[in-house]
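In: sequence and computational prediction follow.
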2 protein chains.
Amino acid sequence: MSSKQGAPSLASADEQDKFITDVFEMCMKRVVQGTRDRNTPVVNFKTPEELKELVDFDLTTDGNHREDLLSLCEKVFDYSVLTGHPRFFNQQYGGLDSYGVAGSFITDVINANGHTFEIAPMFLMTEVAVLEHMLKFVGYTNGEGTFCPGGSYSNFLSMNMARLWKFPETKSTGIYGLPKLVSFCSEQAHYSAKKNSTFLGYGTDNCWVVKCDDRGKMIPEEFEKLVLKCKDEGSVPLFVTATAGTTVLGSFDPFNEIAAICSKHKIWMHVDAAWGGSALLSKKYKHLCDGVHKADSLAWNAHKMMQAPLQCSVVLFKEKGSLERAHSLNVPYLFQSDKPYDVKYDLGRNLLQCSRKCDALKLWLMWKAKGDAGFERQVDQAMANAQYLTEQIRKRPEFELVIPHPEYTNVPFWYIPPSLKGKEKNEDYFKQLASIIPTIKTRMQKSGTLLVGYTPVGKIPTFFRMTVMNDKANFSDMDFVLDEIVKNGKDL
Amino acid sequence: MSSKQGAPSLASADEQDKFITDVFEMCMKRVVQGTRDRNTPVVNFKTPEELKELVDFDLTTDGNHREDLLSLCEKVFDYSVLTGHPRFFNQQYGGLDSYGVAGSFITDVINANGHTFEIAPMFLMTEVAVLEHMLKFVGYTNGEGTFCPGGSYSNFLSMNMARLWKFPETKSTGIYGLPKLVSFCSEQAHYSAKKNSTFLGYGTDNCWVVKCDDRGKMIPEEFEKLVLKCKDEGSVPLFVTATAGTTVLGSFDPFNEIAAICSKHKIWMHVDAAWGGSALLSKKYKHLCDGVHKADSLAWNAHKMMQAPLQCSVVLFKEKGSLERAHSLNVPYLFQSDKPYDVKYDLGRNLLQCSRKCDALKLWLMWKAKGDAGFERQVDQAMANAQYLTEQIRKRPEFELVIPHPEYTNVPFWYIPPSLKGKEKNEDYFKQLASIIPTIKTRMQKSGTLLVGYTPVGKIPTFFRMTVMNDKANFSDMDFVLDEIVKNGKDL
């Protein structure tokens, strides 16, 4: 515990500035510079119980003095994961972009609430600029959008929008008296499709799951079959989530075919492009998203492949006015109409959120720094890394690809340890594999050399899900991943 | 436009560090230190059209070089509102807490996603610590909670929770076949109650509005009348939002009486304490929240009275296990059960959000610095300021209170300009007043001397809504507000 109890919130202005500056220097040294050195461990892993021994988390009546606070901050750095490290492949975000960090700092100190122009003028102007630019990449010529706290939330807004598009009266009357409203997603869609179905009042039973082909893409014929079945039952097919870059396999659904079915049956088409939307930034890979401009809405997380700091999610709508139609209410204490500026810039008018972190500025600053060209290079580099990794897996007999031709930067694969090499691929074989893979991951986690995720998917047993995004990673890092797995798995 | 186009994302590591450091220094000088000087304008107001002339917001193919980027950053500071300024009273947040800023910086650079312990260990441990501490203040002895992106979202989770508590099967079946589910809130409740009712499938018609007394408090007898009416109609009274610290008038509903009605009729009681929950931190004022521990859930925004940087919202539930029951799904790619730690710390398991900004650490660091005692001082100082302001309004003949005895730090009042002094208070009088008040606000906004909101409420015509929170404001600032209004309004 603290040696000097006291009331440091009464610290002088200079002392407070010194504290912020000390913390800033730690941020630079421990993280911004630390992640550049591949010898820095990605994580110094401790269990929750161990952390409780190492760090005094408890909050008390009295405050702590600066030396104790700085020591706590050091511990936060000691035991945090360096998600910007070029050997962090555990999730689809990271990279630690310097312009993104600078933009985050500006956003933190200005500390504006993104509901009205009056108090967040520069944030809302940059939000409009970024959204307009992203709309162009999607191909929406008369669209609009908003920043959201995460992709699940973006998907949620779209699903809600679909209801108000087809049944505008539900805004006031609710869904009582309506036939069942059914939404669709593929087997490989993100779990938010199911969760959102619950919150909107439909329940998970009314989120129907469409079969995928063996590359993890929604089968359009299966989708239409379900649509017809839904109609036969007297229910209303309302909404489909197509996915650009599925979470696990990185697959892209056939958007043109899905759009044709939606158009025929008057279904709202949403594309969850949280992960794969960034392919639009690359002339070489934008074809993966062919047809997404036909969708009614599209969710795109800039905190994933674009490497903006968390949270940085966008949802775009094909038709201007959608947000206002769905969400506006009369709120005189906040959204007055007698203000000395065009109140269409009070973006919060047409949102669910009232208090809102301003997430656009950091992305705007990154875009100003890099230009489209810079983001294109990032995407192309990540793709090159993933393709190199795929080739190496093909070449090395101790590895096996889960899907033969990954489309994006997800590279799902198995490591086959010596003990299983050449054995019959029966239930027992896969059961053993499913225990070996987590063991290897844990060993690497404990040594801090790299972090990579694993998962089963449907009937496919547990495999490593490599997901490459940080453009600071290079081909050697890809080799390192495979070597490190062999090193940690060869006795298993 | 930029004089030197190029590819600055290829800037060297040193150049990137220099850029972050330059921006950090701007943050300190322009904002952290700038707000301390009362002569710094709160805002340098420009309309959207003017800003478009002054700042190049457009994004292009090529990036910009560091001098252009730094000049853009300077402009962001030039035209942003200093929400931490002691004369910013426009909304219920601000204050610019140094420890909060330091905690935000740490959160930005570590850039962890708050779904699993595996990648956000220190953030989730501090989240648990802060939640446990806040539960104690509320008086929940077996509770749990989570951080949310804003108070509307917290209220939304609670409303959804109520449905799954009373009708657990709706998680899978939806609300089809159920009688109408009705929620209640007072006339003075935050607008999210209505919006959330739409998203959950009930529609705004099924969010019934309970009358308030002339202090803006929900009338319990009116609530029960509506509950009985609802039952008579064959609908189900499901959920009520009581408010601790209403947005406009700062009123506290009678929680004990509301709890008794809820208990009798098996209604989920939620307290929207986004604004007023912080009264719990003060021994002198916690009585305002008497009875809130009887509620099933409570939303509390630490980014309001506690002055944590945005976003920092918490929702607490009386009963442990609520979140899991409501939200858990099987998600093998993220929430594996074969991890080398207790997976109950994978807090994202039981949330709607997948990607999630880690909002707890900054509040934890603030709490470590100040202790409960520091927060108590903040609340007491804000209350003292509000009470001083109220007294001055009573004393000065050119002002009039909208409610005679404000309970919290909202001080709603009218300025009566010489032209209206002594006139009959008829429709025309209030119509004139409703145009004079926005005029005065705009004048102050354009001169940058202070920012304060205005609003009508129900039948009460437009007034100034002072809302005091920044404990760096003092009695002189309160006098300044009144003097400045007189100065800008005496010719009207």
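Out: Thanks, I have it. Numbering: from 1, shown residues only, chains lettered A, B, ... in the order given.

In: contact partners for the residue of chain A found nearest chain B?
Out: Closest residue of chain A to chain B, CB to the nearest CB: residue A:201 (2.5 Å). Quick note: C-beta positions are derived from backbone N, CA and C, even for glycine. Going by CB atoms under 8 Å, 6 or more residues apart in numbering or on different chains, residue A:201 touches A:174, A:175, B:170, B:174, B:175, B:200, B:201, B:202.

In: how deep is the fourth one tucked in, by neighbour count?
Out: Neighbour count for residue B:174, taken as other CB atoms under 10 Å in any protein chain shown: 25.

In: likewise for the third one?
Out: Residue B:170 is flanked by 22 other residues according to other CB under 10 Å.

In: what's the closest non-adjacent residue to it?
Out: Spatial nearest neighbour of residue B:170, chain neighbours left out: residue B:163 (5.5 Å); criterion: CB to CB, 6 or more residues apart in numbering or on different chains.

In: ok, and the closest non-adjacent residue to residue A:58?
Out: Of all residues not flanking residue A:58 in the chain, residue B:129 sits nearest, at 6.5 Å (CB to CB, 6+ apart).

In: longest helix in chain A, by residue count?
Out: Longest helix of chain A, by residue count under DSSP state H: helix A:360-395.

In: hmm, that helix touching chain B?
Out: Yes: counting by CB under 8 Å from any CB of the partner chain, chain B is contacted by helix A:360-395 at A:361, A:364-365, A:367-374, A:377-378.

In: cool, and stretch A:223-231?
Out: No: judged by CB under 8 Å from any CB, stretch A:223-231 stays clear of chain B, getting no closer than 13.8 Å.

In: cool, and stretch A:150-159?
Out: Yes: interface with chain B: stretch A:150-159 contributes A:150, A:151, A:152, A:153, A:156 (CB under 8 Å from any CB).

In: rewinding a little: quick one: list the elements packing against the helix or strand following the longest helix of chain A.
Out: Counting by DSSP states H and E, the next helix or strand C-terminal to helix A:360-395 is strand A:399-401. On a contact count with 3 or more CB pairs under 8 Å, 6 or more residues apart in numbering or on different chains; DSSP states H and E, strand A:399-401 meets helix A:360-395, strand A:410-415.

In: TSV please, covering these and showing mean pLDDT and mean neighbour count.
Out: Converted to TSV, the helices and strands packed on strand A:399-401 look like this (pLDDT from 0 to 100; neighbours: other CB atoms under 10 Å in any protein chain shown):
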stretch	mean pLDDT	mean neighbour count
helix A:360-395	97	22
strand A:410-415	97	24
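
In: and the strands in the stretch 101-250 of chain A?
Out: Using DSSP state E, counting those that start in this stretch, the strands found in the stretch 101-250 of chain A span residues A:144-148, A:181-186, A:207-210, A:236-243.

In: and among those strands, the most buried is which?
Out: When these are scored by mean count of other CB atoms under 10 Å in any protein chain shown, the highest mean neighbour count falls to strand A:236-243 (a mean of 28).

In: quick one: contacts for the closest residue to residue A:308 other than its chain neighbours?
Out: What sits nearest to residue A:308 in space, not counting adjacent residues and going by CB to CB, 6+ apart, is residue A:302, at 4.2 Å. Listed by CB under 8 Å, 6+ apart, the contact partners of residue A:302 are A:278, A:308, A:312, A:313, A:314, A:363.

In: looking at it, the first one is touching residue A:307, isn't it?
Out: Okay, so that is residue A:278. No: in this structure, residue A:278 is not within contact of residue A:307 by CB atoms under 8 Å, at 9.3 Å.

In: those two: who's more crowded?
Out: More crowded of residue A:278 and residue A:307, by other CB under 10 Å: residue A:278, with 30 against 26.

In: from residue A:302, how far off is that one?
Out: As for residue A:278, its distance to residue A:302 is 8 Å (criterion: CB to CB, to the nearest Å).

In: picking that back up, could you dump the strands of the stretch 101-250 of chain A to a markdown table with distance to residue A:57?
Out: Shown next, in a markdown table, are the strands of the stretch 101-250 of chain A (distance: least, CB to CB, whole Å):
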| stretch | distance to residue A:57 |
| --- | --- |
| strand A:144-148 | 31 |
| strand A:181-186 | 39 |
| strand A:207-210 | 38 |
| strand A:236-243 | 38 |
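
In: wait, which of these is closest to residue A:269?
Out: When the strands of the stretch 101-250 of chain A are compared by CB to CB, strand A:236-243 sits nearest residue A:269, at 5.7 Å.

In: next SSE downstream of the closest one?
Out: As assigned by DSSP H and E, the chain's next helix or strand after strand A:236-243 is helix A:255-265.

In: CA atoms of that following helix as CSV?
Out: Only the C-alpha atoms of helix A:255-265 are listed here, as CSV (Å, rounded to 0.1, in the frame of the first residue of the first chain):
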residue,chain,number,x,y,z
PHE,A,255,-22.9,-10.0,-53.0
ASN,A,256,-24.3,-9.7,-56.5
GLU,A,257,-26.3,-12.9,-56.2
ILE,A,258,-27.5,-12.0,-52.7
ALA,A,259,-28.5,-8.5,-53.9
ALA,A,260,-30.6,-10.0,-56.7
ILE,A,261,-32.5,-12.2,-54.3
CYS,A,262,-33.0,-9.2,-51.9
SER,A,263,-34.3,-7.0,-54.7
LYS,A,264,-36.7,-9.7,-55.9
HIS,A,265,-38.1,-10.3,-52.4
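
In: skip the chain neighbours and tell me the closest residue to residue A:152.
Out: For residue A:152, ignoring the flanking residues on the chain, the nearest one in space by CB to CB, 6+ apart is residue A:192 at 3.7 Å.

In: put together JSON lines for the strands of the stretch 101-250 of chain A, with mean pLDDT and distance to residue A:81 on each row.
Out: Putting the strands of the stretch 101-250 of chain A into JSON lines (pLDDT from 0 to 100; distance: least, CB to CB, whole Å) gives the following:
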{"stretch": "strand A:144-148", "mean pLDDT": "97", "distance to residue A:81": "24"}
{"stretch": "strand A:181-186", "mean pLDDT": "98", "distance to residue A:81": "30"}
{"stretch": "strand A:207-210", "mean pLDDT": "98", "distance to residue A:81": "32"}
{"stretch": "strand A:236-243", "mean pLDDT": "98", "distance to residue A:81": "27"}
